[in-house]
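> 3D, please:
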Amino acid sequence: LGQLARVTEEGARFQSHIDGSRHLISPERAMEIQVALGSDIIMALDECTPYPSTYDSARLSMELTCRWAERCVAAAEDRPGGLFGIVQGSIYPELRSRCADVLRELPFDGYAIGGLAMGEPQETMYDLVGHTASQLPAHQPRYLMGVGRPRDLLQSVRLGVDMFDCVMPTRNARNGFLFTSEGRVVIKNARYRDDDRPLDPACECYTCQHHSRAYLRHLFMAGEILGLHLNTVHNVTYYVQLMAQIRQAIRSGTLAEFTVPDV
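Numbering: from 1, shown residues only. Alright, predicted model coming up:
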C-alpha cells in the first residue's frame with residue numbers, strides 16, 4: 001500500500017484501497033487502537049525502511065522511528081499489555097546501534113528487530129540480527145519481525161532472538177507448500193496423486209493423523225477450501241513443534257547440534 005501512503009512527522013496518512021477513505025495513523029492513534037483491541041503486546045509505530053535504502057534515507061527513517069517511539073510511550077502509560085519498541089536502521093549496523101541506544105532508554109517491556117527479511121542477502125540478515133540482538137537487554141524479550149523459514153528461526157534463536165511472527169506457515173499452506181520433518185512437500189505435484197502415506201509421519205496434527213497425501217492433493221487440485229484448512233493446520237503445528245524442539249535443545253544444551261530440514 002506504499003503508493004497510497006504518505007509518511008510525515010505527524011504519522012502515516014493513507015487512502016484505503018477498499019473504499020478510498022482517508023486515514024491518519026499517528027503514534028498516539030496506534031496506541032489507542034491497540035489498547036482498544038486489548039492487545040497483549042502493543043507495538044510502537046515505526047517506519048519500516050524499504051530495502052535497498054541509502055545510508056542517509058535509512059538514518060532519517062530510523063530517527064523518525066525513535067521520535068515516534070517516545071510519543072508511543074507517552075500515549076500508552078495506562079496500557080493493559082506490554083509495549084515493545086522496534087529497532088530500525090536498514091542494513092547499517094551503526095544505525096541499528098543508535099536506534100537501540102535510544103530505545104533502551106525508554107520504558108519498553110520488550111524490543112523488536114524490524115526491517116529485515118526485506119530482500120537483503122541471508123548472511124547480511126543474520127549478521128544484523130546478531131548485531132542488533134546484542135544491543136538489546138538479554139533479560140527482556142527480543143522479537144524478530146516477519147521471519148521466517150525454519151532455518152531462519154533456528155539461526156536467529158542462536159543469535160539471541162526469543163520471539164517471531166510470520167505469514168509463511170499459513171500463506172504457504174494456502175499455496176500447497178507444506179513443511180515436514182523430512183523436507184518440503186509441494187502437494188500439487190503429480191507424485192502425490194496415489195500416495196497413501198500421511199503428510200508427515202512424525203507429526204501428530206489432525207491432518208497427518210486422518211488424511212493421506214493423495215487426499216490432500218485431491219482437495220488442493222479440486223480447489224476445495226477444506227484442503228487449505230488442513231494444510232494450514234499442519235503447517236502451524238509444524239512450527240509450534242519446531243519451536244518446542246528448539247526450547248528443549250536449549251534446556252539440554254544441544255542447540256548448536258540441532259538441525260532442521262533445508263526448506
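> Next, please give the residue ranges for the strands of the chain.
5-7, 12-15, 22-25, 41-43, 82-87, 110-113, 142-145, 163-165, 177-180, 183-186 (DSSP state E).
> Helices of the stretch 151-263 of the chain, start to end?
168-174, 206-210, 213-222, 225-252 (DSSP state H, counting those that start in this stretch).
> Pull out the buried positions in the third one.
By 16 or more other CB atoms under 10 Å, the buried positions in helix 213-222 come out as R213, Y215, L216, R217, H218, L219, F220. For every residue, glycine as well, the C-beta is placed using N, CA and C.
> coming back round to it: which one, of the strands of the chain, ends up nearest to T54?
Among those, strand 5-7 comes nearest to T54, with 16.5 Å by CB to CB.
> partners of that closest one, with directions?
Using DSSP bridges, the strands paired with strand 5-7 in its sheet are strand 12-15 (antiparallel).
> Okay, now the unreliable bits of the stretch 1-150 of the chain?
Scanning the stretch 1-150 of the chain for pLDDT under 70 picks out 1.
> Show me the helices in it, by range?
Counting by DSSP H, counting those that start in this stretch, the segments of the stretch 1-150 of the chain that form helices are 27-37, 55-75, 93-104, 122-134, 150-158.
> now for the shortest one, which elements pack on it?
The reference is to helix 150-158. Counting contacts by 3 or more CB pairs under 8 Å, 6 or more residues apart in numbering; DSSP states H and E, helix 150-158 packs against helix 122-134, helix 225-252.
> Turn these into JSON lines, columns for mean neighbour count.
Output for the helices and strands packed on helix 150-158, formatted as JSON lines (neighbours: other CB atoms under 10 Å):
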{"stretch": "helix 122-134", "mean neighbour count": "17"}
{"stretch": "helix 225-252", "mean neighbour count": "17"}
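> Kindly reformat these as CSV containing distance to A12.
Shown next, in CSV, are those (distance: least, CB to CB, whole Å):
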stretch, distance to A12
helix 122-134, 23
helix 225-252, 30
